[in-house]
Structure formats: C-alpha cells, structure tokens
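*Asks:* Would you be able to build a 3D model of this:
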Amino acid sequence: MSTTELLKGAAELFPDEVVTSAHVRHLDLPFGAGRFALITLDNGFDHTKPTTFGPQSLANLNTAIDQVEAEAAAGDIVGVGITGKPFIFAVGADLKGVELLKEHKDALAIGKGGHEVFKRLSGLAVPTFAYYNGAAMGGGVEVGLHCKYRTVSKALPAFSLPEVFLGLVPGWGGCTILPNLIGADKAVSVIIENSLNQNKQLKGQQVFDLGIADAIFEGADFLEQSLIWTANVLKGDVEVERPVIDRGEAWDQAVAKGRFIADSKVHGAAPAAYRALDIIAAAKNGDLQQGYDAEDKALADLIMGGELRSGIYAFNLVQKRGKRPAGAPDKNLARPVTKVGVVGAGLMASQLALLFLRRLEVPVVLTDIDQERVDKGVGYVHAEIEKLLGKGRINQDKANRLKALVSGVLDKAEGFADADFIIEAVFEEIGVKQQVFAEVEAVAPAHAIFATNTSSLSVSEMASKLKNPERVVGFHFFNPVAVLPLLEIVRGEKTDDASLATAFAVAKKLKKTAVLTKDAPAFVVNRILTRFMGEIQNVIDEGTSVEVAEKAVEPLGLPMSPLVLLELVGPAIGLHVSETLNRAFPERFTVSPNLAAVVKAGKRGFYVYDSGKPELDPEVAALLKQGDVVLTEEQVRDRVLDAVAQEIGLMLDEGVVAEAQDIDLCLITGAGWPFHLGGITPYLDREGVSERVNGKKFLAPGVASVPA
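*Replies:* Predicted coordinates:
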C-alpha cells in the first residue's frame with residue numbers, strides 16, 4: 001500500500017481533524033549558496049492554536065515532499081528546510097482522532113503513515129534542515145529528527161517527547177533516532193525521566209546543550225540566522241561535529257537507569273515506559289528500520305490499550321475542563337480585586353500572600369496576633385522574591401515593585417478597610433474561623449469577598465453567624481501552593497453568584513485549576529484520600545504488616561506510597577481530617593488508634609530514612625497495636641479500591657461535584673494521581689471495581705476507553 005493510500009484510509013477515521021498545511025516557498029540563500037526550499041507547517045492565523053499531525057496533515061506534508069523531492073532530483077534546489085508558524089513548530093499527533101480508533105489495524109496505519117512521510121525527509125537527494133522556531137512536542141520533535149541538521153530558538157518555551165506521560169511511546173522515530181543521535185543516557189532522560197516527571201519541558205538552550213540541535217539563535221531573528229547558518233553549512237564553511245555514540249556498556253546502563261525510573265514512578269503498572277525502553281535497548285545496533293517497525297507495533301498496541309485512553313482523557317480534563325469549570329457562574333458577575341487581605345502570617349498564609357502578589361500584582365496585606373509573626377510572614381515573601389531575582393525569573397525593578405506591594409499590620413481595620421478579597425489561613429477549628437470572619441466583617445467594605453482556605457470544615461457553618469454570609473466562599477489550596485494547580489472552590493448554602501464568580505475570576509488570574517464543589521465534609525480530594533488512607537490504616541490496625549499494606553497499592557502507580565503521603569501531609573492533619581469525617585460519616589470513616597498514638601508521640605511519620613530509603617521507625621513500630629487479621633496484597637488492594645469506589649459513588653449521588661470527570665480532575669491536579677490512570681474512575685471502570693461496588697461504571701462507553 002502506498003503512503004497516499006495509507007493516509008487516505010486513515011483520514012476517514014479522523015473526521016474532525018484540524019488540518020495542518022505544508023507550504024513550500026523558495027528563496028535564495030546568502031553568500032550565493034543557492035536556491036533553497038522551505039516548508040512551513042501551519043494550521044491557521046491563530047498563533048496560539050497548536051499545529052498537529054493527523055492523516056490529512058501528514059498527506060499535506062507528503063505532497064510538499066513530493067514537490068521538493070522532484071526539485072532536488074532535478075538539481076533545482078540545494079537543500080530543504082522545515083519550520084512552523086510563529087511561536088509553534090508542531091506539537092505532534094492529533095490525539096482527538098487517535099482516541100476514536102477502534103481497530104488495531106487502524107492504529108497501526110497511523111504509526112506507519114507518520115514513519116513513511118517523515119522518513120522521506122532523510123531520503124532526499126539534498127541536505128535537510130529543521131528549524132525549531134517554537135513549541136515542539138511529540139511528532140513535532142520527531143519530524144525534525146528525520147532531518148540531517150537542526151537549529152533551535154533560544155526563545156523556544158517547550159520541547160518534549162511527552163508520549164510516555166500520556167501512555168504511548170515516541171512512535172515516529174523518537175525512540176530509535178534520538179538515542180542514536182545524542183546517546184542512550186540523554187535519550188532516556190528526555191523520553192522516560194522527563195515524561196514521568198509530570199511531562200517536564202525543555203527550553204531552547206537545553207535542547208542545544210543535549211545535542212539535539214546543532215545551532216542555537218535568538219528568537220527575534222531566528223529564521224534569518226538559521227538560514228545564514230544553513231548557507232555556511234552547505235558551502236562547507238561550517239562543519240557540524242557530533243560525538244561518537246557509546247554503544248557498549250553505557251547504553252545498557254542507560255536503559256537500566258530508565259527501568260529504575262519507571263519502576264519508581266509507575267511500579268510496573270503502566271506499560272508505555274517499558275515498551276519505549278525495549279525499543280531504545282534494541283536501537284543500540286543502529287538499525288533504524290527495525291526500530292521504526294517496533295515503534296509501529298508498540299504504538300498500535302498502546303493506542304488500543306486503556307492507559308492511552310486514560311492519558312488522553314486526563315490531558316483533556318486538564319487542558320479543557322480545567323479551563324472551563326463546570327457550574328461556574330457568569331464571569332461578568334465578578335467584582336474587581338484591587339487589594340487582598342490575608343488573615344494569618346504562618347507558612348501557608350505567607351505562601352498564599354506570595355501567590356496573590358505575583359499573579360495579581362496588587363497590594364497584599366497580612367495580619368496576625370503579634371508583630372513577630374507579621375514580620376516573619378512579610379519577611380518570607382521578601383525572601384522568596386529575592387530568590388526569584390537571583391534565578392533571573394524577575395528583574396530588579398519587578399522585585400522592588402513586588403516588595404513594595406506587600407505589607408503587614410496588627411490592626412485588621414487598618415489593613416482591610418479597602419480590601420476587596422480577604423482570605424483566612426488560620427488554625428483549623430470552626431470557632432476560631434468564625435471569630436476571624438466576625439472581626440473581618442466589622443472592618444471590611446460591604447463588597448469584599450471572604451474566602452476560607454479550610455481543608456475540611458463547613459463553609460456554611462463558618463458563615464452562619466455573619467450579617468452577610470452570602471459573601472463567604474471556600475478557597476481551598478493544596479500544599480505546596482506554588483506547585484499543585486488545584487483550587488477547590490466551595491459554594492456555601494448562602495454564597496451568592498457574585499462572590500462565586502469573583503472567586504473563579506481570581507482563581508483564573510492565579511493560574512489555578514478551579515473545581516466547584518458542594519459544601520460537603522472535606523470536599524473532594526481530602527475526602528477520597530482520607531477514605532483511601534483510612535482503609536490502609538484499618539488493615540494495619542487489624543494485623544496486616546505495614547509493608548504489605550503499602551505494596552498492595554503499588555500497581556496504581558501513585559506518586560508516593562500512602563504512608564509517605566501521610567508524612568508529607570502531616571500525621572496530625574491526617575488525624576484531624578479523619579476525625580472530621582468520622583463525625584460526619586461514622587459508618588465509613590474510622591479514626592485509627594495507631595495514627596492517634598503516632599500523633600500523640602510527636603512523630604512526623606511512620607518512616608526513618610537513615611539508610612537512604614524509607615524504613616519503619618522502630619519507635620513507631622513499638623507504638624503499633626495490631627490484631628490478628630492478616631490480608632494478602634490482593635485482598636488489601638481490593639478492599640481499598642472498593643472503599644474508594646463506594647465513596648466516589650456516594651459523592652456523585654450527593655452532588656458534591658457535577659460529574660465523575662471533576663473527581664478525576666481534582667485527584668490529578670490536587671494529589672498528583674497519574675495521567676495513566678486518568679485520575680481514578682477510568683481505572684475503577686477498567687478493573688471492574690465500579691460495577692462490583694456500585695452496579696455501574698462511572699464513565700460512559702468510549703470515555704477513557706475504546707469506543708464500543
């Protein structure tokens with residue numbers, strides 16, 4: 001089957017493809033180097049819209065290559081270049097179409113189609129050049145790898161092979177060409193380590209330093225400088241030298257390193273990383289076609305698997321649903337925020353002050369019970385600004401301006417009289433928070449929004465004693481504030497639309513993923529995690545060893561084990577939330593006596609790290625009082641997953657969030673649950689847990705699964 005026929009057949013499966021064109025234009029290179037053909041990838045005038053490769057887009061590139069191939073054969077051109085529209089080179093395969101594929105043969109055709117088109121660039125009779133002028137990901141990176149030479153812009157903001165993160169492999173040459181270009185160790189870092197590190201992106205300078213690009217130029221005149229460099233290469237005035245690739249033990253060590261990274265991140269629970277590593281291992285012999293064939297098969301197998309469907313589902317949640325929150329009121333109701341007040345000056349409050357300051361760039365004032373605390377809070381913000389300055393993230397003028405905008409006072413009347421948005425981050429006790437809001441209401445302007453960062457307490461109860469309870473809204477951040485994207489926005493019983501709209505508008509300016517939740521105990525993330533952790537603690541209390549309980553949930557590929565997570569959260573906070581939920585739902589949420597004993601003893605967690613890895617603290621082990629019911633890993637896992645499935649079902653019945661998609665969005669952005677799970681509900685559906693517990697799946701057929 002010809003490439004044209006292959007792509008024509010595949011195009012029928014992608015009815016909604018955003019088609020990328022491939023325009024060929026000709027220019028005379030400087031210094032009399034000759035006539036040059038430049039292919040530009042473009043999909044419209046919107047320079048924020050990513051350029052992708054679906055079957056029709058690949059066909060368009062194939063047609064452009066037909067033209068330059070004929071010109072090269074006729075001696076009409078001396079070289080061919082490929083670049084993208086302003087700010088975007090290309091960001092890979094059209095995932096909207098991939099998730100609709102139903103047959104393995106169709107998935108295989110997508111892999112083969114990309115390979116057949118891209119390979120033609122390396123087979124031209126003249127040298128080929130890729131000019132990475134903007135964001136390049138996945139297939140966008142790979143089309144450039146098939147060229148003989150590459151340049152990159154210093155201004156390039158994002159460059160990656162993110163396929164493993166989504167549940168795929170770099171399947172259009174990435175797994176095969178990249179290790180043969182820069183060595184297996186660097187390739188494993190890009191393909192495996194960066195992907196599993198929350199899809200870490202490379203900047204232009206890093207792309208050059210790794211050896212992926214042969215030259216780097218400033219963004220302002222990137223293409224012009226790249227063409228001058230191209231002319232010098234073609235004339236022989238510039239010779240590109242690349243290091244000799246070590247195909248001995250170093251290659252094997254790199255693959256072993258990759259397997260260790262994959263094991264530590266997904267614990268064998270997700271196949272993509274291991275399939276990619278198998279291809280990299282085989283690429284040691286330098287046989288490119290063998291590698292391409294292996295990529296095709298791996299790509300097809302993974303496209304038809306649950307991991308990719310969950311990965312695309314998760315990606316769409318973050319990129320689409322996360323930016324258009326379900327249930328958010330009309331944004332036109334939002335009030336302007338020109339000053340922010342923060343009640344408290346401890347670590348959490350100081351982190352919040354810094355975030356509001358950086359994102360909103362309005363005056364931020366902190367208050368607390370004594371001057372020492374206030375000074376410490378302001379000092380923290382100033383120190384963090386100095387760190388940003390030292391890293392080159394901001395300039396001196398910006399640092400001075402931000403420092404001038406933050407202040408601290410003891411008198412709430414002085415600090416909050418003209419504040420538009422006031423958030424509290426004080427001790428997690430309902431009486432304390434009610435008192436704080438009563439004091440704030442007495443001095444704040446009538447239009448000010450009152451936000452609480454509570455993790456589990458009732459927003460409605462907090463507002464119940466105020467004259468204007470309608471302006472109180474839950475605004476629950478996750479720690480560390482600067483890192484985790486989620487913001488649970490909680491509507492109390494009397495919260496009005498204007499207050500809620502203002503909260504969502506502020507969240508957007510803070511660059512947070514906002515999810516609307518009902519005012520229910522512990523809201524979303526903490527309720528699910530507490531049920532999850534509660535079952536782990538229950539089986540330990542009943543007699544199962546800590547080691548077995550921890551290992552039981554490794555197949556979920558969570559970012560950390562349950563007890564390590566407890567250590568991060570803090571045992572005292574974990575105990576407090578479990579007590580709150582026990583009062584609300586005593587039939588399902590228990591309070592572990594062993595956890596209470598650990599907190600009473602002042603222990604910061606269950607583990608010590610003297611050997612460099614977590615080991616059960618002997619002092620904690622001495623505290624544990626266990627029964628004689630010992631479960632296997634499988635029994636523990638079933639029990640934990642059944643509990644989580646039950647709790648999610650109840651939360652959806654209660655209307656805590658609009659849909660199961662919001663549960664998954666919260667777990668991905670607030671608790672770091674893996675993309676390859678799609679959060680949690682696709683996994684529960686795929687493993688049969690949802691139907692076993694609730695009698696039905698959480699998601700409709702074709703959502704995070706192969707269409708029926």
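*Asks:* The longest helix anywhere in the chain: which residues count as buried?
*Replies:* The longest helix of the chain (DSSP state H) is helix 633-654. For helix 633-654, the neighbour count (16 or more other Cβ atoms under 10 Å) marks 633, 636-645, 647-652 as buried. C-beta here means a position set from N, CA and C on the backbone, and glycine is covered the same way.
*Asks:* so what's T452 up against?
*Replies:* T452 is in contact with 423-424, 433, 437, 459, 462, 472-476, counting by Cβ atoms under 8 Å, 6 or more residues apart in numbering.
*Asks:* Recalculate using a threshold of 7 Å.
*Replies:* Residues near T452 by Cβ atoms under 7 Å, 6 or more residues apart in numbering: 424, 433, 459, 462, 472, 474-475.
*Asks:* Also A507?
*Replies:* A507 touches 487, 489, 514, counting by Cβ under 7 Å, 6+ apart.
*Asks:* let's go with 6 Å and repeat that
*Replies:* 487, 514 (Cβ atoms under 6 Å, 6 or more residues apart in numbering).
*Asks:* same question, the one 10 residues further on
*Replies:* With contact taken as Cβ under 6 Å, 6+ apart, T517 is in contact with 488, 490, 523-524, 656-657.
*Asks:* what number of residues lie near the closest residue in space to P445 that isn't next to it in sequence?
*Replies:* Closest residue to P445 apart from its sequence neighbours, by Cβ to Cβ, 6 or more residues apart in numbering: D418 at 6.5 Å. Number of residues near D418 (other Cβ atoms under 10 Å) recorded here: 13.
*Asks:* roughly how far apart are D418 and F523?
*Replies:* 31 Å (Cβ to Cβ, to the nearest Å).
*Asks:* thinking again about what came up before, ok, then the element right after the longest helix of the chain?
*Replies:* Later in the chain than helix 633-654, the nearest helix or strand by DSSP states H and E is helix 660-671.
*Asks:* Determine which two of the contacts of T452 are furthest apart.
*Replies:* K433 and F475 (12.6 Å; Cβ to Cβ).
*Asks:* burial of the spatially closest residue to A231 that is not a sequence neighbour, as a residue count?
*Replies:* In space, and not counting its chain neighbours, A231 is closest to A33: 3.7 Å by Cβ to Cβ, 6+ apart. Counted with other Cβ under 10 Å, residues neighbouring A33 total 19.
*Asks:* ok, now P363?
*Replies:* 18.
*Asks:* what sits against it?
*Replies:* Contacts of P363 by Cβ under 6 Å, 6+ apart are 339, 405.
*Asks:* try 8 Å
*Replies:* Here P363 is in contact with 338-340, 405-407 (Cβ under 8 Å, 6+ apart).
*Asks:* State the distance from it to D76.
*Replies:* P363 is 64 Å from D76, by Cβ to Cβ.
*Asks:* returning to what we had before: which helices and strands sit right next to the longest helix of the chain?
*Replies:* Secondary-structure packing of helix 633-654 (3 or more Cβ pairs under 8 Å, 6 or more residues apart in numbering; DSSP states H and E): helix 525-542, helix 546-552, helix 660-671, helix 681-686, helix 689-694.
*Asks:* mean confidence for the longest one?
*Replies:* Computed over helix 525-542, the mean pLDDT rounds to 96.
*Asks:* Quick check: the gap between the residue with the largest distance to the centre of the chain and F129.
*Replies:* Farthest-out residue of the chain from its mean C-alpha position, per Cα atoms, centre = their mean: A74, at 48.2 Å. Separation of A74 from F129 (Cβ to Cβ) stands at 20 Å.
*Asks:* In helices, which of the contacts of T452 appear?
*Replies:* 433, 459, 462.
*Asks:* Pick out whichever of those sits closest to P674.
*Replies:* Nearest to P674 among these: V459, at 30.1 Å, using Cβ to Cβ.
*Asks:* quick one, what contacts the closest one?
*Replies:* 452, 472-474, 490-492, 495, 519.
*Asks:* Now tabulate the residues you listed in JSON lines and tack on distance to G574.
*Replies:* Listed next are those as JSON lines, based on distance: Cβ to Cβ, whole Å:
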{"residue": "T452", "distance to G574": "20"}
{"residue": "V472", "distance to G574": "26"}
{"residue": "V473", "distance to G574": "25"}
{"residue": "G474", "distance to G574": "20"}
{"residue": "V490", "distance to G574": "20"}
{"residue": "R491", "distance to G574": "26"}
{"residue": "G492", "distance to G574": "25"}
{"residue": "T495", "distance to G574": "28"}
{"residue": "D519", "distance to G574": "22"}
